[in-house]
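Asker: sequence first, then the predicted structure, then my questions.
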Number of protein chains: 2
Amino acid sequence: MTIQTVKGTRDFFPEDMAFQTWLKGLIRDSSEKYGYQEYDGPFLETVDLYAAKSGEELVKEQSFVFPDRSGDLLTLRPELTPSLARMVASLGRSLVRPVRWWSFGPFWRYEKPQKGRTREFFQWNLDMLGIDTPQADAEVAAVAVSFLQKAGLSPEQVKIYINNRRLVDQQLQGLDINAENRPSVFRLIDRRDKLSFSEWKNYALSEGLSEGQLSGVQEILQDRTSWEQCEELVLFFDAARDLGVSDYLEYDPSIIRGLDYYTGTVFEARDLSGDYRAILGGGRYDNLVADVGGEPISGVGFAMGDVVIGIFLKELGLVPDLLPNPAQLLVTTFNDELMGKSLALCQSLRSAGLRVEWYPLSSRMSKQLKYANRQGIPLVVIMGPDEAESGSVTLKDMRSGDQSICKLKELPSAAFKMLE
Amino acid sequence: MTIQTVKGTRDFFPEDMAFQTWLKGLIRDSSEKYGYQEYDGPFLETVDLYAAKSGEELVKEQSFVFPDRSGDLLTLRPELTPSLARMVASLGRSLVRPVRWWSFGPFWRYEKPQKGRTREFFQWNLDMLGIDTPQADAEVAAVAVSFLQKAGLSPEQVKIYINNRRLVDQQLQGLDINAENRPSVFRLIDRRDKLSFSEWKNYALSEGLSEGQLSGVQEILQDRTSWEQCEELVLFFDAARDLGVSDYLEYDPSIIRGLDYYTGTVFEARDLSGDYRAILGGGRYDNLVADVGGEPISGVGFAMGDVVIGIFLKELGLVPDLLPNPAQLLVTTFNDELMGKSLALCQSLRSAGLRVEWYPLSSRMSKQLKYANRQGIPLVVIMGPDEAESGSVTLKDMRSGDQSICKLKELPSAAFKMLE
């Protein structure tokens, strides 16, 4: 009768944590390559922060909301962008533009746990604020491409699909769908892939679209060239070419993104097999900072959860062998009398710059060597009574099986040489 | 009217985050030097997990507890050790001993925010499980010392004070304080520093101690040599000497630690000025894994919050200058016509291995250079129309003011040379 974890949360055993650390390393490298600075918000926020602008569904149905001991309603953050907006707003006039910030931290959504979806997850967020140009949009997409490349993903495996909400607005205006109905038509377009055609058609008619408007929407969704009519997208794809990332980018009129606050470019990375959920998504937002009480400032950014990309990379075999044990060397304990000398030997090797694990019991030597093997520790040091007497040890390379007697003062350099 | 953060939570602007990353780097180095493996538990746990063994005060008064949408009581974890115990218990027979694990993650306690205490904080946890020896206790304390040393703290600034609950048990037995009253006397000892003597005495008498027992407890607290009567502590200090960390360790009969689950060695790091709360604390626990449903397994570990050590290191001036902007080079934009060439230049420098920020507007060059200065970016590249024509750029070192014309294909190596 062990106590269970909360549904949708995960334990990170060392092998899982090694993956998280590797993933965050790729994320850091990609973000810093473009000069983005790491930041983070609090994990607990007031519910008011999200009421301002996140999609209603996200706050009312998918967030953990609870009163604290004084009765205030708190939220385990379901996304980072509103916190970013609040932080930027708080800087006021001391803000230096452009703001280029990235983050990797925990988020919570109260959703049905399923493949690619947990209730507690990590998310990479990257945003540029204060610059409202298609080139800024392209740079942000290029950082995402940089990550995909570092992860070993080719444009034949994953693409970032691009659209622009202002273009869609114009297209819908051309169908006489007026401004107040557009959010529901955005949702309609967003769900095209998730419903059968007849379900989707019924949904469209129930939302008040005429048959003519419905076929107009279908035409929009089938025209892969309409981006050429949108100057923002033309400049976006020009900049993407200058940044050398065109291979990974493609216009897709069906990309809308769920969140209400996007106003311009929107994008979403998907695997070409179609087997997975979106890998990352984002876009340009204009009013978010003003909505939380600051001066109006435009921004563009994206978020990537750790769960879908993790499954995807693992299933494609793109995750390298990650050794959870950081030790380069195991110092064994020959017998209880030599325990103190083993401890002192560990410390002198650590002082020489090595990462050293100590075997803390005088178990059979075969058991200690087996432990080194199972832990993937490459080198083992054995010091028996005669060796201790003569100031030497046996240094064994567990990978080759080679071993040699080594004077104590030569041990660090011999170990470094074997590790090369 | 900006939206506020939740009381006791923190925003991490890039300069704050640079400190967190530096701190975690020291923690990782210290932990990995001894072969400890990184792991983490979920941040949300069931309240049952803590009911098993954490101090009552911690769960009932100091934790965020709330029902999820299905009515189950969840807790934002106030500490990691119960999650560790649950994880280890879940491994069952596949567990390889010793388990040496460390972690750095968020925790929450509903306490009055004050200096050194926030409601949302980070904590380093490090534990060794499966080995019940004083040498194991000493190794864990040595990892803590290793961190203090890496942070630049001397034994004149901070010490780790050691005690042993089994020794205290014997001492209290010698005063005819029986087993069921010892937890309240533990609390009494733990609070000696927090109350005036008369308050403390009244508290002691209200807890049922006789005058004789009270003066016996006072004698215990004044005797700095009683550790010599405790074999575990003798062996502990022997091993600490072998590990070269004796300077930082000292027996202190008043150290108890608040949590109920400690059974042997306990310790606490404090600054010698006495101006700060405990920097880290821990000890040996024997029954924790059994309490959450596993086989009995002994462990020893400690935790260190990020807040007290952060204030302490900052006030001592021990935090190095940390540059939040990772860019090595700013590529400027001379005019709108050259924007595409600037973008392409950025990308070729990134491909050469440099971290490059792009100035995304064709602002006055003096403004772009000022931006590089404020951000602490050491190098700037300027490409005007003539230079673009001739395939060259101006490379400027912002630190020295030196600048030179450079052929495009020689630019990466020239930049790397300046950065050396």
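Answerer: That came in fine, so what should we check first? Here the structure is a predicted model, which means the values were calculated and not measured.
Asker: domain ranges for chain A?
Answerer: Using automatic domain parsing, the domains assigned to chain A come out as A:14-315, A:329-419.
Asker: which one of those is the most hemmed in?
Answerer: With neighbours defined by mean count of other C-beta atoms under 10 Å in any protein chain shown, none of those is more surrounded on average than domain A:14-315, at a mean of 19. (C-beta placed from N, C-alpha, C; glycine too.)
Asker: tell me where the model's unsure across the stretch 1-150 of chain A.
Answerer: Scanning the stretch 1-150 of chain A for pLDDT under 70 picks out A:1, A:52-58.
Asker: helix/strand/coil for the spatially most central residue of chain A?
Answerer: Central residue of chain A (C-alpha atoms, centre = their mean): residue A:124, 3.7 Å from the mean position. Three-state assignment for residue A:124 (DSSP: H, G, I helix; E, B strand; the rest coil): strand.
Asker: residue A:102 is in contact with that one, correct?
Answerer: Yes - the pair residue A:124 and residue A:102 passes the contact test of C-beta atoms under 8 Å, sitting 7.0 Å apart.
Asker: circling back: which strand residues bridge the residue nearest to the centre of chain A?
Answerer: Beta-bridge pairing for residue A:124 (DSSP bridges): residue A:104, residue A:304.
Asker: the one 5 residues further on too?
Answerer: Per DSSP bridges, the residues bridged to residue A:129 are residue A:99, residue A:299.
Asker: if I pick it, what's in contact with it?
Answerer: Residue A:129 makes contact with A:84, A:88, A:97-99, A:101, A:289, A:297-299, according to C-beta atoms under 8 Å, 6 or more residues apart in numbering or on different chains.
Asker: pull up the overlap in contacts between residue A:124 and residue A:102.
Answerer: Counting by C-beta under 8 Å, 6+ apart, the residues touching both residue A:124 and residue A:102 are A:27, A:31.
Asker: coming back round to it: possible to save the domains of chain A as JSON lines with distance to residue B:317?
Answerer: JSON lines is the format used below for those (distance: least, C-beta to C-beta, whole Å):
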{"stretch": "domain A:14-315", "distance to residue B:317": "24"}
{"stretch": "domain A:329-419", "distance to residue B:317": "26"}
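Asker: nearest to residue B:401, of those?
Answerer: domain A:14-315 (21.6 Å; C-beta to C-beta).
Asker: start and end of the closest one, how far apart?
Answerer: 20 Å (C-alpha to C-alpha, to the nearest Å).
Asker: same check on stretch A:82-99?
Answerer: OK, stretch A:82-99 end separation, C-alpha to C-alpha: 15 Å.
Asker: how about stretch A:379-396?
Answerer: Start and end residues of stretch A:379-396 are separated by 6 Å (C-alpha to C-alpha).
Asker: try stretch A:186-194
Answerer: Between the opening and closing residues of stretch A:186-194 lies a distance of 14 Å (C-alpha to C-alpha).
Asker: next: stretch A:360-370.
Answerer: OK, stretch A:360-370 end separation, C-alpha to C-alpha: 14 Å.
Asker: show me what residue of the stretch 51-200 of chain A gets nearest to chain B.
Answerer: Taking C-beta to the nearest C-beta, chain B has its nearest neighbour within the stretch 51-200 of chain A at residue A:66, 3.5 Å off.
Asker: residues touching that residue, list them.
Answerer: Residue A:66 sits next to A:73-74, B:64, B:66-67 when contact means C-beta under 8 Å, 6+ apart.
Asker: so which of the residues you listed belong to strands?
Answerer: Of the contacts of residue A:66, the ones assigned to strands by DSSP state E are A:73-74, B:66-67.
Asker: looking at the residues you listed, which is nearest residue B:218?
Answerer: residue B:66 (43.5 Å).
Asker: bridge partners for the closest one, pull those for me.
Answerer: Assessed by DSSP bridges, residue B:66 has beta-bridge partners residue B:74.
Asker: how close does it sit to residue B:46?
Answerer: Applying C-beta to C-beta, to the nearest Å, the value for residue B:66 to residue B:46 is 12 Å.
Asker: what do these two both touch?
Answerer: B:73-74.
Asker: what secondary structure does the residue in the stretch 301-420 of chain A that chain B sits nearest to sit in?
Answerer: Per C-beta to the nearest C-beta, residue A:357 is where the stretch 301-420 of chain A lies closest to chain B, at 2.8 Å. Under three-state DSSP, the three-state class of residue A:357 is strand.
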